[in-house]
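Undergrad: Test case, fold it:
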Amino acid sequence: MINDWLQRTLATCVLAVGVLSAPTAQSETLTDAFILAYKNSHLLDQQRALLRAADEDVVQASAALLPVINFVANAGFRSPAISGGVRVDNWTNTMAVSADLTLYDNGVTRFATDAAKETVLGLRGALLQVEQNILYGTVQAYMEMIRAAQFVSLSQSNVRVITTELRAARDRFEVGEVTRTDVSIAEARLAAARGNLAAAQGDIEIARENYKAVVGQYPGNLRWPTNPPLGVRTEDAAKARAVRNHPSIEEAQRNVNAAEANILRAKAATGVKVTTNATVTLDDSFESSFSGGFRATVPIYQGGTLRSLMRQAMARRDATRSGLLQSVVGVKQEVGIAWATLAVSAAQTEASRRQVRASQVAYNGVREEAKFGSRTTLDVLNAEQELLDARSNLISAEVRQYVAIYALFSSMGLLTSDHLNLGIVTYDPIEYYKYATKAGPIRALSRRGTALDRVLRSIGGN
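TA: So this is what the prediction gives:
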């Protein structure tokens, strides 16, 4: 019953006081604000750069099983010698190319690469969470701008109404129908209304600056947005969906997988490692030589370092598991709070609408009664103030309700550019990963590496 009522209330949410511009070609919608915020966010750029850095960790980890080739040039000097009574300085010059290759490392490289990949996938979840925060901040800034604009309009209307009441009170004072006290009361109310108007005008300037900081530009003619469908009918369904979709849970799961891989990596480090090397040398007489061989190493004692690394990896695995469980608890709590907040704000909106209707009837009645002398100027001003308060409460309730809808989306992990269908080209973290891992450690010397550099420049890298 409660959920059905909540759905009906959301479906019938209508702006009570129309102070925004009518929809025109120049109007700015919430979707427009989402798109601008997505394109202009420096926080998203920062998180994307961190993700690209993590992609390179995969390349570096997998490179441990690839050959390492170096060019080495040496110039040496030995103590002078006497040959045939002549002092001879002995300079030696050599050039060499050496190659080293790890043939077998008991799985250390494979597990290190697996851990790096899981870290990348976890950071993709973190990127989605940053995206959610940006889009939720956009909703807040957008609706706060609407609230501030409507408060200015209400304050301006209030000044006009009280000015009319003051003029009427002065006219009635001139003919002896009211006392000087009634006039003074109206003058005091007018001064207070002008002060409230000044405060509202200041608030809208603050809202404009906040909007620019989030969206990237000052707002245009904002339109009141329509209510999006929730997609779920019960709180339990919302929690279940959040557990499946929330990026923070995805990040925590990937951190557990990375920690498990690091445990296997620490265990593998206690096994045998086989390497080979080869060197071709050319001396200053242009005579060449070749050397090479194989080497197998098994750690016997390293002061307890390997055991410590294994215990450390296990402790970190336990910490990430606890973090995963806590992430699930936190996400469910966030959904519960968002659901309750939405229900409360919907109820407040409905109550505020009724308050506006009743206050309007009361105000109209008091004004009519004042014309016949059965009500004082103070009665009229009090009724007008109650109507103003009711309208202000309705605006605030509707704004809170709309923000609460997107807070619920965010708590379920659905406040993303893909889910909102913004219709723009979004950042694809897989593209850079593919180029980076294919280019490998010799990227700077290959066509593929050059292509990777172009991709990096196109997405804002240096």
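
Undergrad: drop to CA atoms for contacts and neighbour counts, all remaining ones
TA: OK.

Undergrad: Tally up the residues packed near the closest residue in space to Ser288 that isn't next to it in sequence, please.
TA: Leaving aside its sequence neighbours, Ser288 sits nearest to Leu282 (Cα to Cα, 6 or more residues apart in numbering; 4.4 Å). Using other Cα atoms under 10 Å, Leu282 has 16 neighbouring residues.

Undergrad: try the one 5 residues further on
TA: If you count neighbours by other Cα under 10 Å, Glu287 ends up with 9.

Undergrad: pretty sure Val256 is touching Arg321, no?
TA: Yes - using Cα atoms under 8 Å, Val256 is in contact with Arg321, at 5.9 Å.

Undergrad: Those two - which one has more neighbours?
TA: The residue with more neighbours, out of Val256 and Arg321, is Val256; 24 against 18, by other Cα under 10 Å.

Undergrad: check contacts around that one.
TA: Val256 is in contact with 317, 320-321, 324, counting by Cα atoms under 8 Å, 6 or more residues apart in numbering.

Undergrad: and if we set it to 6 Å?
TA: Under the criterion of Cα atoms under 6 Å, 6 or more residues apart in numbering, the neighbours of Val256 are 320-321.

Undergrad: In a strand, it, correct?
TA: No - counting by DSSP: H, G, I helix; E, B strand; the rest coil, Val256 is not found in a strand; it is helix.

Undergrad: Please tell me how far it sits from Arg244.
TA: The gap separating Val256 from Arg244 is 16 Å, by Cα to Cα, to the nearest Å.

Undergrad: re earlier: specify the beta-bridge partners of the residue nearest to Ser288.
TA: In this entry, Leu282 is beta-bridged to Met95, Ser288, by DSSP bridges.

Undergrad: Please list all residues in contact with it.
TA: 94-95, 288.

Undergrad: how far away is it from Ser98?
TA: On the measure of Cα to Cα, Leu282 and Ser98 end up 12 Å apart.

Undergrad: quick one: Ala199 and Leu388, what's the gap?
TA: With distances taken as Cα to Cα, Ala199 is found 15 Å from Leu388.

Undergrad: Neighbour count: those two, which is higher?
TA: Counted by other Cα under 10 Å, Ala199 and Leu388 do not tie: Leu388 has more neighbours, with 20 against 14.

Undergrad: hey, where'd the strands end up in the stretch 151-300 of the chain?
TA: For the stretch 151-300 of the chain, the strands defined by DSSP state E, counting those that start in this stretch cover 221-222, 273-283, 288-297.

Undergrad: ok, now the stretch 1-150 of the chain?
TA: Using DSSP E, counting those that start in this stretch, strands in the stretch 1-150 of the chain cover 27-28, 68-83, 86-104.

Undergrad: Make JSON lines out of those strands and add distance to Gly413 and mean neighbour count.
TA: Putting those into JSON lines (distance: least, Cα to Cα, whole Å; neighbours: other Cα atoms under 10 Å) gives the following:
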{"stretch": "strand 27-28", "distance to Gly413": "26", "mean neighbour count": "16"}
{"stretch": "strand 68-83", "distance to Gly413": "44", "mean neighbour count": "11"}
{"stretch": "strand 86-104", "distance to Gly413": "43", "mean neighbour count": "15"}
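
Undergrad: Please identify which of the ones you listed is closest to Glu235.
TA: Closest of the strands of the stretch 1-150 of the chain to Glu235 is strand 27-28, at 32.6 Å (criterion: Cα to Cα).

Undergrad: Need the contact partners of stretch 264-277.
TA: In contact with stretch 264-277 (Cα under 6 Å, 6+ apart) are residues 99-108, 111, 292-298, 310.

Undergrad: out of the strands of the stretch 151-300 of the chain, which comes closest to Ala186?
TA: Closest to Ala186 of the strands of the stretch 151-300 of the chain, according to Cα to Cα: strand 221-222, at 34.5 Å.

Undergrad: Direction included, what does that closest one pair up with?
TA: When DSSP bridges is applied, strand 221-222 pairs with strand 27-28 (parallel).

Undergrad: could you give the mean pLDDT of the partner strand?
TA: Averaged across strand 27-28, the pLDDT comes to 81.

Undergrad: got the contact list for it?
TA: With Cα under 6 Å, 6+ apart, strand 27-28 has contacts from 220-222.

Undergrad: Spell out for me the PyMOL command that would select the buried members of those.
TA: In PyMOL syntax, the buried subset of those is picked out as below (16 or more other Cα atoms under 10 Å):
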select buried, resi 221+222
